[in-house]
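# Here is the input, now give the coordinates:
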Amino acid sequence: MIKREEPRAIDMLRKEMDHFFDDLVPFSWRKENGGSDLRMWSPSVDISEDEKEYVIKMDIPGMDKKDIKVNFQDGRITITGERETESKEEKKDFLRQERYRGSFYRSFTLSDTIKDEEIQATFKDGVLKLVVPKAETVKPKSIKVN
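Residues are numbered from 1 along each chain as shown. So this is what the prediction gives:
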């Protein structure tokens, strides 16, 4: 017996919204209609936190690390990149095409207490891993009332 996992409501809504906007403006964006391929996609991300750091892991297989940009400014981590379309395919008729190509943009607001000079980014086996150390917060000082 095979247990099938039901799609999440938010994933179904996202897919429906994508189809809605594709149908709304069919005369541009798609290459087959003479436009450029402006499709955005959103890689999956896991974010964890402990008392010392945040860890962000993003699945972006098929990417080269030179095509990934990571910025930190005003408490916000921004990750952008672009996966190029394979132009070598000789006008094949696809039965199904689910692998995303094009640009992506993900942004996350973290606390203001970040050691921004110590943020580390590694990319291995299609997974981008960011380690974002937290700065020590100043604990309130108790003052005795006389």
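# pretty sure Met58 contacts Val127?
Yes - taking Cβ atoms under 8 Å as the definition, Met58 is a contact partner of Val127 at 7.0 Å. (Each C-beta comes from the backbone N, C-alpha and C, glycine too.)
# Okay, now the unreliable bits of this protein?
Applying pLDDT under 70 to the chain flags residues 1-7, 19-40, 85-92, 94-98, 100, 112, 138-139.
# and it, what are its domains?
For the chain, the structural domains run 1-38, 39-86+100-136, going by automatic domain parsing.
# Just name the most buried of the ones you listed.
Of all the domains of the chain, domain 39-86+100-136 has the most neighbours on average by mean count of other Cβ atoms under 10 Å, namely a mean of 14.
# closest to Ile143 out of the domains of the chain?
Judged by Cβ to Cβ, the one of these that comes nearest to Ile143 is domain 39-86+100-136, at 20.9 Å.
# And the helices in this structure?
Per DSSP state H, the chain carries helices over the ranges 9-24.
# And the strands in it, which stretches?
Using DSSP state E, the strands of the chain run over residues 40-41, 45-49, 53-59, 68-73, 76-83, 102-109, 120-124, 127-133.
# Relative to Arg8, which of these is closest?
strand 45-49 (15.1 Å).
# between the closest one and strand 53-59, how many degrees?
Angle, strand 45-49 to strand 53-59, by axes from the mean of the first three to the mean of the last three Cα atoms, to 10 degrees: 170 degrees.
# CA atoms only for strand 45-49, dumped as CSV, please.
Provided in CSV are the C-alpha atoms of strand 45-49 (Å, rounded to 0.1, in the frame of the first residue of the first chain):
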residue,chain,number,x,y,z
VAL,A,45,13.9,27.0,2.7
ASP,A,46,14.3,25.6,6.2
ILE,A,47,15.1,28.1,8.9
SER,A,48,16.1,27.1,12.4
GLU,A,49,17.2,29.1,15.4
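# ok, back up a step: to Arg14, which of the strands of the chain lies closest?
Once those are compared by Cβ to Cβ, strand 40-41 is nearest, at 10.8 Å.
# Distance of Asp64 relative to Asn146?
Separation of Asp64 from Asn146 (Cβ to Cβ, to the nearest Å): 66 Å.
# do the same with Leu130
As judged by Cβ to Cβ, Leu130 and Asn146 stand 49 Å apart.
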